[in-house]
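K.L.:
Need a 3D model of the following:
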Amino acid sequence: MALAPTDEAEVLKAELVGLFQYVNRVRDEIAAMHRPADGDHHLPSMGDQLDAIVGATEEATNTIMESVEQATDLLSTIRNDVTEEQKAVIDKAIDISNNVFEACSFQDITGQRVSKVMKSIIYVEERVNNLIGIWGKEEMDKVEVKPVKEKTADEKLLDGPQLEGQGISQADIDALFD
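P.N.:
I've put the predicted structure just below:
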């Protein structure tokens, strides 16, 4: 059954309205990725946070490994001046230290996995930037971006660990308590 010309026009109008609404939703989502209402969701800051994770993990791992190495060296130093029974205890402690040392290899694997995630984030960021370029940055800047979820009073106070050079320094916190 063929539609009358007026029916066809109404169907076409409805389709165009639906398409327009869909395109506007896509535009709003792209704008939210480019300029989120909450800075915690900004793509470039995610990369910085992941870099900070890798850096902090590497620093902690190096501290652990250096400490274990020092403890092992101390145990090895006193090993020659003890009884056989005490040597067995020291050898067991050195074995445990070696296990801790080997377990610290997690840091390298963590860094590799974070690097994979970073590559994915960079890929998405490039695609978003391409879409913004197609749409027009000025047009994107006009879009009002609303937070996905309003933060609670506690969430507004707590920002968690800050990146180097951001947030309140330890010296500022110390001064506050002095």
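
K.L.:
from here on, contacts and neighbour counts on C-alpha atoms
P.N.:
OK.

K.L.:
Okay, strands next: where are they in the chain?
P.N.:
Assignment of strands within the chain using DSSP state E yields no ranges at all.

K.L.:
Please enumerate the helices of it.
P.N.:
Per DSSP state H, the chain carries helices over the ranges 5-34, 43-79, 84-103, 106-135, 137-142, 153-157, 170-177.

K.L.:
which stretches of this structure aren't confidently modelled?
P.N.:
1-3, 35-44, 148-149, 151, 153-170, 172-173, 176 (pLDDT under 70).

K.L.:
can we see that at 90?
P.N.:
The model of the chain has pLDDT under 90 over residues 1-57, 79-81, 101-178.

K.L.:
I'd say Val145 and Ala31 touch.
P.N.:
Yes: Val145 is in contact with Ala31 according to CA atoms under 8 Å; the separation is 7.0 Å.

K.L.:
what about these two, which has more around it?
P.N.:
Just comparing Val145 and Ala31: by other CA atoms under 10 Å the higher neighbour count belongs to Ala31, 23 against 19.

K.L.:
Run through the residues that contact that one.
P.N.:
With CA atoms under 8 Å, 6 or more residues apart in numbering as the criterion, the residues that contact Ala31 are Ile132, Met140, Asp141, Val143, Val145.

K.L.:
Just the buried subset of those residues, please.
P.N.:
Burial by neighbour count, 16 or more other CA atoms under 10 Å: within those this picks out Ile132, Met140, Val143, Val145.

K.L.:
No more questions from me, cheers.
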